[in-house]
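Colleague: Structure of the sequence below:
(chains A and B)
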Amino acid sequence: MEMIANLGLGFATAFSPTNLFYCFIGVFLGTFIGVLPGIGALATISMLLPLTFHVPGTTAIIMLAGIYYGAQYGGSTASILLNLPGTPSAAVACLDGYPMSKQGRAGVALFMTTIASFVGASLGIIILTAFSPKLAEVGLMFGPADYFAMMLLGLIAAATLAQGSPVKGIAMVIFGLALGMVGTDVQTGQQRFTFDIPYLSDGISLVALAMGLFGVSEVIASIGRIDSGRLKAQKITFRSMVPTRDDMGRSWAPMLRGTGVGAFFGALPGAGSTIASFMSYAVEKRVAKDPSRFGKGAVEGVTAPESANNAAAQTAFIPTLTLGIPGDAVMALMLGALIIQGIQPGPRLVTEHPELFWGLIASFWIGNVMLVILNLPLIGIWVRMLKIPYSILYPAILLFICIGVFSVNNSYFDVLMVMLFGLLGYVMLLLRFEPAPLVLGFILGPLMEEHLRRAMLLSRGDPAVFIERPISATLLACTAGLLGWALWSSMRGRQPAEAMAGATAGR
Amino acid sequence: MRLSRDYVDVVGGVGLVLFGGWVYAHAAAEYDFGTLRRMGPGFFPAALAVLLMVFGALLAVPALFRSGEGPRISVRSFLSILAGILAFAWLIEPFGLVPATIALVGLAALAEPGFRPIRTALLAVALSALGVLIFSQGLGIPIPAFRWSPA
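Modeller: Residues are numbered from 1 along each chain as shown, chains lettered A, B, ... in the order given. Got it, this is the predicted structure:
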């Protein structure tokens, strides 16, 4: 009963004209940038962070979330038509989607990915709705030591499960934590690492950091590598989109399995939608009666990962909203946006800001219905978007970055910071460091320090508090296990994420 | 480009060690470490600095004993895009949005091989108009299109 009342509040919030409008803007932009290779959800959300200063918190989060799950829908379009993933999590869709396209079945592939996305997302939202309030109740029992341990687990998981070597991932997390130290120390008021620059006393701007690391360096890296001229004039007619009975029969079970895999990995700290889609592809290959069909245009090789990444995109909100622990960099930006709005994410969010929490969940339903409409009847528009040359797109991206960051404080200093972080991002790219763990560390840094100091104050300086409290002890044991496993497997020359998914994904 | 040692990780690791060393020195010189019970503003940064040095070394040392692949640097796109943003930062306050946009688009266009002046000019004009329409008119962000107040 309470659930219905809550959802009623949610839909009342989400159906307000402003929220509907921003939800539409979010999913529309999400599909747009999901379709286009060379610009991802992270860069777009960073670019739109300044806009959220001008609208209420709930509205801002509804829009930013729409970009994220909208990008999951659009991501597979370029994979299928160009063999070029529009988003990282759509890379798997290339494996069977592109062969389908070469067989002249692009329309069916696009139709099935949309259906699979909707199924995955809907079930993901149901799981989110059912589990979040319960997890928030558990979260209320957390003390400062438990929070510190939880954040540590989240950071280590994000660093070790992401692509690349675990040592580099952890190094980036620490680097991010260190950047988070810049600014005024909350407890003593001391200025740290500000070098008497007044702009830095509030800390490094998240907007400038994210735009530089994800936007500018992505543009530099993509120039000359994205060639959209390869798109053959493929007419996607309604007739060509109709799947055969065989396609449907083969797909429903993979969609459900994909949703399960995706929902699980989405809710885990650090895993996220890319790992979820690779894992579900591996699962399908293992359970298939005839695994040799995969890679040659098997429809279940497209639908299962699509369901998985959409389910993951929804369940990723569970730890973010209920515990204030983001699982990946996109969720970290959402958390950052909430903090900018003066809303402290955590277990109290559900009870203190019910209109935000339930409004966001209701907006997921509305947004997903909008996405089906955007992706089925209007698919031709998105296919045509793929023909926009990158040489027109990237100056526009840069301009939006510059104006956006300038508008936050009306100061050129923030634009300079974007340039500096663009430089840092490009150097990191050359040295093969991932920027996502850095941003996660940057956002969690001040919170972690605060919880650590509070925990030590409460325990009168006794570090044993971290192993005496059962919650914190369990979390720290998980962290230690994960760390040991990651370092051990990197010593053996295999990276954990690859060992888990990549090797079986049929490359 | 094959390298006899994995210099990418050697450079990355040494960079982290140097940065960590500098953070530690700065925190030790300027901020109070406090006690375990009452941690001062220097404690957490110093701890992070030590960890940075440890992981930097963990990255750099094994990299000395394996071969590696060199990075593909595109100096041209890198320099022109950073120059474009710098020009925007430098022009926006004294001269306004339109000159800053034109400078950004013009410099960023140099990132790609092949110079196409007419297409770049058209793009600069179109994006200036779009920027003024969306940001100044649409969202009401107070950035004048033109201004004359050189510092």
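
Colleague: switch to C-alpha atoms for all contacts and neighbour counts from now on
Modeller: Fine.

Colleague: Tell me how many other residues surround B:Ala100.
Modeller: B:Ala100 has 28 neighbouring residues, counting by other C-alpha atoms under 10 Å in any protein chain shown.

Colleague: give the contact list for the residue nearest to B:Asp6 when sequence neighbours are not counted.
Modeller: Take B:Asp6 and drop its neighbours on the chain: the residue closest to it by C-alpha to C-alpha, 6 or more residues apart in numbering or on different chains is B:Gly68, 3.9 Å away. If you count contacts by C-alpha atoms under 8 Å, 6 or more residues apart in numbering or on different chains, B:Gly68 has them with B:2-8.

Colleague: Please produce a markdown table containing those, extended by secondary structure.
Modeller: Listed next are the contacts of B:Gly68 as a markdown table, based on DSSP: H, G, I helix; E, B strand; the rest coil:
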| residue | secondary structure |
| --- | --- |
| B:Arg2 | strand |
| B:Leu3 | strand |
| B:Ser4 | coil |
| B:Arg5 | coil |
| B:Asp6 | coil |
| B:Tyr7 | helix |
| B:Val8 | helix |
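
Colleague: how about the helices of chain B, start to end?
Modeller: B:7-30, B:43-63, B:75-95, B:97-109, B:117-131 (DSSP state H).

Colleague: okay, those helices, which one's buried deepest?
Modeller: For the helices of chain B, the largest average neighbour count (mean count of other C-alpha atoms under 10 Å in any protein chain shown) is found in helix B:97-109, namely a mean of 25.

Colleague: how about the CA coordinates for that helix, as PDB?
Modeller: Extracted C-alpha coordinates of helix B:97-109, given in PDB (Å, rounded to 0.1, in the frame of the first residue of the first chain):
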ATOM      1  CA  LEU B  97      30.800  35.300 -27.000                       C
ATOM      2  CA  VAL B  98      31.000  35.700 -30.800                       C
ATOM      3  CA  PRO B  99      34.700  36.500 -31.100                       C
ATOM      4  CA  ALA B 100      35.500  33.800 -28.600                       C
ATOM      5  CA  THR B 101      33.500  31.200 -30.600                       C
ATOM      6  CA  ILE B 102      35.100  32.200 -33.900                       C
ATOM      7  CA  ALA B 103      38.600  31.800 -32.400                       C
ATOM      8  CA  LEU B 104      37.700  28.500 -30.900                       C
ATOM      9  CA  VAL B 105      36.200  27.000 -34.100                       C
ATOM     10  CA  GLY B 106      39.000  28.400 -36.200                       C
ATOM     11  CA  LEU B 107      41.800  27.000 -34.100                       C
ATOM     12  CA  ALA B 108      40.000  23.700 -33.500                       C
ATOM     13  CA  ALA B 109      39.500  23.200 -37.200                       C
END
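
Colleague: Quick one: residues in contact with it.
Modeller: For helix B:97-109, the surrounding residues in contact (C-alpha under 8 Å, 6+ apart) are A:391, A:395, A:399, B:77, B:80-81, B:83-85, B:87-92, B:115, B:120-121, B:123-125, B:127-128, B:131-132, B:143-146.

Colleague: Adding mean pLDDT as columns, could you present the helices of chain B in a markdown table?
Modeller: Output for the helices of chain B, formatted as a markdown table (pLDDT from 0 to 100):
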| stretch | mean pLDDT |
| --- | --- |
| helix B:7-30 | 92 |
| helix B:43-63 | 92 |
| helix B:75-95 | 90 |
| helix B:97-109 | 91 |
| helix B:117-131 | 89 |
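
Colleague: Looking at the nearest residue in space to A:Ala312 that is not next to it in sequence now. What's its pLDDT?
Modeller: Spatial nearest neighbour of A:Ala312, excluding adjacent residues (C-alpha to C-alpha, 6+ apart): A:Gly266 at 3.8 Å. In the predicted model, A:Gly266 carries a pLDDT score of 86.

Colleague: And A:Gly266, how far from chain B?
Modeller: 28 Å (C-alpha to the nearest C-alpha, to the nearest Å).
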